[in-house]
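Undergrad: With the sequence up front, the predicted model follows.
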Amino acid sequence: MYISEPVQILNDVFGYKSFRPLQGEIVEAVARGEDRLAIMPTGAGKSLCYQVPALARPGTALVISPLVALMQDQVRALREAGVAAAALTGATAMDERRDIWNALEQGTLDLLYVAPERATMPDFQDRIGRADLALIAIDEAHCVSEWGHDFRPDYRQLRPLCDRFPGVPRIGLTATADAMTQADIAQQLGIDADKVVVAGFDRPNITYHVRAGDSRTRQLMDFLNGRRGRAGIVYAPTRAKVDAIAAQLQAAGLNALPYHAGLDAETRSANQAAFVAGDDMIMVATVAFGMGIDKPDVRFVAHMALPKSIEAYYQETGRAGRDGAPAEAVMWWGAADIARARSQLAEGESSEERRRIDEGKLNALAAYAASAACRRIALLTYFGEPAPAPCGNCDNCLEPPTQVDVSEDAVKLLSAVYRTGQRFGLGHIADVLGGVASERASKLGHDRLGVFGLTEGKTTRDWRPVQQQLVAEDALRVDPQYGGLTLGPAARAVLKGERTVSIVPPPPGRKRRRQQGA
Ligand code: ADP
Ligand code: ZN
């Protein structure tokens, strides 16, 4: 039985007229006593998904949240709205602690926020076991999965906690998770797969562009020249690149500032304030920039290289167009980006399992970049949201690229890499395939290989798009230091003719340059 109707609570307590799409569905379900795992991006309104049912159901809602500062914000806001909410943290004074437990036992507390460490303490569990719980909400639910980016062992203890309260609905909430991680979170928390709800990821006002970065700084300059007077963020992969690009933009008369963790705190906050206050400021930044920045009129987000993952890409591009007005996301990338990311994975000290997951994420990102299909469909499916029709608002929808089947060339390239011992860079491989009779080739005996002279006339430049596509599909790997090519796990299927390889051919010559900047 509801104490009162969810929508009534929304109006009376929170002062909002109606639920957002799917928010209402989640609220109703949890209020009825069903479990849900809600995957919604930041700002979509996850808190109400458990706060309204907390009030609609008798008893106290137990909310597990890993961030003390966030808990305190929530409690303050709820109390201002007249809700009996409290947070139990390490900083809670003795007498307040006693008040909280009293209120809990008397059933006069609506919501109790605790950190996962506390929630898993036996003492806490004993006491909470005597309370009447309305629901258990688990915020930042991705922390329960090793596939997520922020695994916390304490979260694994939440399942047994929930299981102690059969019949009490549990609701997990998180902003970031690909479809695979979502399934894992649901399983770890004991929420049925059909109770996973993904909502609100689409950002229809953002136009996505992804381009081969063959001359990235110039491409950026062209892009910015067409957008003078607009505010935007340019993400660069390293601090040194941030500094160099910011200086270049300033020299070109653009209103640009750098932001990265190597700058002192004072400069950082001054630059951030200038960006938020200005309406034509370009922030050139590493990923250190963006968290908690409230600037609705960011008109574009540019990536000078591949970000870490699709999640990171979506979060970063999501900083554009919060006001709902048209905004752009543009990214320049190349096989070198993937090679760098792969070597970082290989050198990292993470577990085998972790590395496998990260590799999968990198492959998904590379495939997204190299794809000729609608970007929005690719992104939304990645997050597990039902795919819409082709969006008409991304590069591939607006100017459908003609694809060319290069499977034959791909086989030749992979064979040449294999026959030459998986040690040489694209330049030498192109020479061998092109039949260039160099001293090097004869010294190595490569001029006697079957692949020698297989494709006369093709140069390194011609091979590059094929290489890039093969790298994106993980059929080919590039040593980031020396450029040596080796076969990747997907090579076999290509070599056996089980898998076709297509590329979007780059338009020839100068014309291409102008288009690249658009
Ligand atoms: P999340 O936790 O998903 O990042 P929040 O719960 O903090 O998002 O909500 C983001 C903002 O949207 C808050 O200001 C919240 O009050 C507002 N909001 C949420 N749901 C609604 C609604 N149905 N109507 C109006 N505003 C809403
Ligand atoms: Zn599209």
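TA: Here it is on my side, so go on. Ligands and ions are numbered 1, 2, ... in the order given.
Undergrad: Packing partners of the host helix or strand of residue 48?
TA: Assigned by DSSP states H and E, residue 48 belongs to helix 47-56. Applying 3 or more C-beta pairs under 8 Å, 6 or more residues apart in numbering; DSSP states H and E, one finds that helix 47-56 contacts helix 6-9, helix 23-32, strand 60-64, strand 133-138, strand 170-174. From N, CA and C alone the C-beta is placed, and that goes for glycine too.
Undergrad: Quick one: these as JSON lines, columns for distance to residue 321 too.
TA: Formatted as JSON lines, the helices and strands packed on helix 47-56 follow (distance: least, C-beta to C-beta, whole Å):
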{"stretch": "helix 6-9", "distance to residue 321": "30"}
{"stretch": "helix 23-32", "distance to residue 321": "21"}
{"stretch": "strand 60-64", "distance to residue 321": "31"}
{"stretch": "strand 133-138", "distance to residue 321": "30"}
{"stretch": "strand 170-174", "distance to residue 321": "23"}
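Undergrad: give me the number of residues near residue 361?
TA: 23 (other C-beta atoms under 10 Å).
Undergrad: cool, and residue 345?
TA: Neighbours of residue 345 under the rule other C-beta under 10 Å: 16.
Undergrad: can you check the one 3 residues further on too?
TA: The tally of other residues near residue 348 (other C-beta under 10 Å) stands at 11.
Undergrad: hmm, who's touching the helix or strand containing residue 38?
TA: Under the criterion of DSSP H and E, residue 38 resides in strand 36-39. By C-beta atoms under 8 Å, 6 or more residues apart in numbering, the surrounding residues in contact with strand 36-39 are 26, 29-30, 46, 49, 141, 169, 171-175, 177, 182, 185-186, 189, 191, 195-199, 383-384.
Undergrad: Give me the phi and psi for residue 197.
TA: Per-residue torsions, residue 197: phi -120, psi 120 (degrees, to the nearest 10).
Undergrad: Phi first, then psi, for the residue nearest the centre of the chain.
TA: Most central in the chain under C-alpha atoms, centre = their mean is residue 311, positioned 0.8 Å from the mean C-alpha point. Dihedral pair for residue 311: phi -60, psi -50, per degrees, to the nearest 10.
Undergrad: The helix or strand hosting residue 468 packs against which elements?
TA: Using DSSP H and E, residue 468 maps to helix 460-472. If contacts are counted by 3+ C-beta pairs under 8 Å, 6+ apart, helix 460-472 sits against helix 335-347, helix 352-370, helix 407-419, helix 426-434, strand 476-478, strand 502-503.
Undergrad: deepest of those, which one?
TA: strand 476-478 (a mean of 25; mean count of other C-beta atoms under 10 Å).
Undergrad: and the helix or strand immediately after that strand in the chain, which residues are buried?
TA: Remark: after strand 476-478, the chain's next helix or strand is strand 485-487, criterion DSSP H and E. Residues 485, 487 are the ones in strand 485-487 that count as buried (16 or more other C-beta atoms under 10 Å).
Undergrad: Direction included, what does strand 485-487 pair up with?
TA: Here strand 485-487 has these sheet partners by DSSP bridges: strand 476-478 (antiparallel).
Undergrad: what does the partner strand rub up against?
TA: Residues outside strand 476-478 that contact it (C-beta under 8 Å, 6+ apart) are 335-336, 338-339, 342, 413-414, 417, 467, 470-471, 484-488, 491.
Undergrad: ranges for the helices of the stretch 201-350 of the chain?
TA: For the stretch 201-350 of the chain, helices defined by DSSP state H, counting those that start in this stretch occupy the ranges 216-225, 239-251, 265-277, 310-317, 335-347.
Undergrad: could you check the angle helix 352-370 makes with the fourth one?
TA: This means helix 310-317. Per axes from the mean of the first three to the mean of the last three C-alpha atoms, to 10 degrees, the angle that helix 310-317 makes with helix 352-370 is 50 degrees.
Undergrad: what about this protein, any weak spots by pLDDT?
TA: Low-confidence segments of the chain, defined by pLDDT under 70, are located at 1-3, 480-481, 506-518.
Undergrad: Please list the residues of it that sit near ligand 2.
TA: Residues of the chain lying close to ligand 2 (C-beta under 5 Å from the ion) are 374, 376, 391, 394, 397.
Undergrad: try 6 Å this time
TA: Proximity of the chain to ligand 2 is confined to 374-376, 390-391, 393-394, 396-397 under the rule C-beta under 6 Å from the ion.
Undergrad: For ligand 2, what's its nearest residue on the stretch 1-150 of the chain.
TA: Closest to ligand 2 within the stretch 1-150 of the chain is residue 41: 18.6 Å, counting by C-beta to the ion.
Undergrad: Mind listing what's buried along the helix holding residue 468?
TA: Within helix 460-472, the residues that count as buried by 16+ other C-beta under 10 Å are 460, 463-472.
Undergrad: Return the member of these nearest to ligand 2.
TA: Among those, and counting by C-beta to the ion, the member closest to ligand 2 is residue 472, at 18.7 Å.
Undergrad: In contact with that closest one, which residues?
TA: Residue 472 sits in contact with 335, 338, 366-367, 369-370, where contact means C-beta under 8 Å, 6+ apart.
Undergrad: Let me know the distance separating it from ligand 1.
TA: For residue 472, the distance to ligand 1 equals 32 Å [C-beta to the nearest ligand atom, to the nearest Å].
Undergrad: try residue 242
TA: Distance, residue 242 to ligand 1, using C-beta to the nearest ligand atom: 28 Å.
Undergrad: do the same with residue 410
TA: For residue 410 relative to ligand 1 (C-beta to the nearest ligand atom), the value is 43 Å.
Undergrad: Then residue 431?
TA: In terms of C-beta to the nearest ligand atom, residue 431 sits 54 Å off from ligand 1.
Undergrad: Next, the buried residues of stretch 274-282.
TA: 275, 281-282.
Undergrad: Not counting its neighbours along the chain, what's nearest residue 505?
TA: residue 404 (5.2 Å; C-beta to C-beta, 6 or more residues apart in numbering).
Undergrad: Kindly report the same for residue 297.
TA: Nearest residue to residue 297, sequence neighbours excluded (C-beta to C-beta, 6+ apart): residue 323, at 5.3 Å.
Undergrad: cool, and residue 300?
TA: Counting by C-beta to C-beta, 6+ apart, the nearest residue to residue 300 once its immediate chain neighbours are dropped is residue 232, at 3.9 Å.
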